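> predicted structure and sequence below. I'll ask about it afterward.
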Amino acid sequence: MTSIPAGDTGEGDENAWRLPRLDEIEGGPPIRIDTTVPHTARIYDYLLGGKNNFAVDRAAADAIVATIPDLAVTLRLNRLFLRRAVRYAARRGIRQFLDIGTGIPTSGNTHEVAHEIAPDARVAYVDNDPIVLVHGRALMTDANPGRTTFTRADLRTPEDILSAPEVLEVIDFDRPVALMLVAILHFIRDDEKPHEIVARLRDALPSGSMLLLSHASFDANPNQGRKGAEGWKNASAEMTMRPHDEIRTMFAGFDLVEPGLRTHWNPDGEPGHPLDEVENVWGYGAVGIKP
């Protein structure tokens, strides 16, 4: 398997762009952050080489990596998918992005990537984690006012997202929207009905909208993957890794863009990246278009 530098999130140097640490952020009402329970967003941050995490998050991440040593490489490949998918949508005229489960910001955020192609693009970020909200506030200080917003809401209650004032400030649901569910649905358990959640969001989108979705999968090694997923049980949300065919059904009502649901996704033929050579990938990504 190709070796990827630990700090490489897909493009550029993440150390060249950094949000303030928690102790550097001022203003806004106080937010209580539980540092005794590992949180998915902070585990991701640690595995991507970030510094906005706590000892409990690092311990949980190390336990997971002990079972799936190459998981961090898949997370960096997922960031590369996000950037390519956002560019794909922007090149085809999408100017509104609803990014749900955004996680702690890192270099190459949705609004940064979209604005490279379409400076008038509008982005609504949504996440349910208070620590992400803290960083979202800092993000808003640098983003263009009126074009980028951040909402604290839970994917499990899509109606709250669709009616949130901050979302409606920048998203017009009468015009095509890129719905982004990047590395989030594997934190929705089967009994929480992830397919129904996606369907409700899909039904709120007009024709021409896109679904940008990536999802963890144990297909690379089912036994190893299931053991690795066990490491998330004590975190803020369990991980439910799913097989390719089940993830594919989440695109019901969308026409998949070629090459379909893949471990490596690059339909525009962008320049190759070392991550494109990774063989053992714990997930898939794809883009679908609503007819």
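Here it is on my side, so go on.

> and after the lengthiest helix in the chain, which helix or strand comes next?
In the chain, with assignment by DSSP state H, the single longest helix is helix 71-91. Of the helices and strands lying after helix 71-91 in sequence (DSSP states H and E), the nearest is strand 96-100.

> roughly how far is that next one from the heart of the chain?
10 Å (CA atoms, centre = their mean, to the nearest Å).

> can you pull out the helices in this structure?
Under DSSP H, the chain gives helices at 40-47, 55-67, 71-91, 110-117, 130-142, 158-163, 165-170, 194-203, 222-230, 244-248.

> quick one: which of those helices is nearest residue 180?
helix 110-117 (6.7 Å; CB to CB). For the C-beta atoms, the positions are set from N, CA and C on the backbone; glycine is no exception.

> packing partners for that closest one?
helix 71-91, strand 96-100, strand 122-127 (3 or more CB pairs under 8 Å, 6 or more residues apart in numbering; DSSP states H and E).

> quick one: buried residues of it?
By neighbour count with 16 or more other CB atoms under 10 Å, helix 110-117 contains the buried residues 110, 111, 112, 113, 114, 115.

> bridging residues for the residue nearest to the spatial centre of the chain?
Centroid-nearest residue in the chain, with CA atoms, centre = their mean: residue 182, separated by 3.4 Å. Bridge pairing for residue 182 (DSSP bridges) gives the partners residue 214.

> any idea how far it lies from residue 114?
From residue 182 across to residue 114, the span is 13 Å (CB to CB, to the nearest Å).

> average pLDDT for the longest helix of the chain, rounded please.
On average, the pLDDT along helix 71-91 is 95.

> what comes up buried for that helix?
71-90.

> can you check stretch 117-130 too?
So for stretch 117-130, counting by 16+ other CB under 10 Å, buried means 118, 121, 122, 123, 124, 125, 126, 127, 128, 129.

> want to throw the residues you listed into JSON lines with distance to residue 160 and pLDDT?
Compiled in JSON lines, these are given as follows (distance: CB to CB, whole Å; pLDDT from 0 to 100):
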{"residue": "118", "distance to residue 160": "28", "pLDDT": "96"}
{"residue": "121", "distance to residue 160": "24", "pLDDT": "96"}
{"residue": "122", "distance to residue 160": "20", "pLDDT": "96"}
{"residue": "123", "distance to residue 160": "18", "pLDDT": "95"}
{"residue": "124", "distance to residue 160": "13", "pLDDT": "95"}
{"residue": "125", "distance to residue 160": "15", "pLDDT": "94"}
{"residue": "126", "distance to residue 160": "9", "pLDDT": "95"}
{"residue": "127", "distance to residue 160": "13", "pLDDT": "92"}
{"residue": "128", "distance to residue 160": "10", "pLDDT": "88"}
{"residue": "129", "distance to residue 160": "15", "pLDDT": "82"}
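
> out of those residues, who's nearest residue 36?
residue 129 (14.9 Å).

> contacting residues for the closest one?
39, 40, 41, 103, 236 (CB atoms under 8 Å, 6 or more residues apart in numbering).

> and it, how far from residue 84?
On the measure of CB to CB, residue 129 and residue 84 end up 25 Å apart.

> for residue 289, the count of nearby residues, please.
Residues lying near residue 289 (other CB atoms under 10 Å) number 18.

> for residue 41, same thing?
26.

> give me every residue that touches it.
Residue 41 touches 103, 104, 127, 129, 131, 132, counting by CB under 8 Å, 6+ apart.

> what is the nearest of those to residue 34?
residue 131 (9.4 Å).

> neighbours of the closest one, how many?
Neighbour tally, residue 131, other CB under 10 Å: 23.

> you'd agree it is up against residue 42?
Yes - using CB atoms under 8 Å, residue 131 is in contact with residue 42, at 6.5 Å.

> got any residues that touch both of the two?
With CB under 8 Å, 6+ apart as the test, residue 131 and residue 42 both reach 52, 104.

> kindly state the pLDDT recorded for residue 235?
Value for residue 235, per-residue pLDDT: 71.
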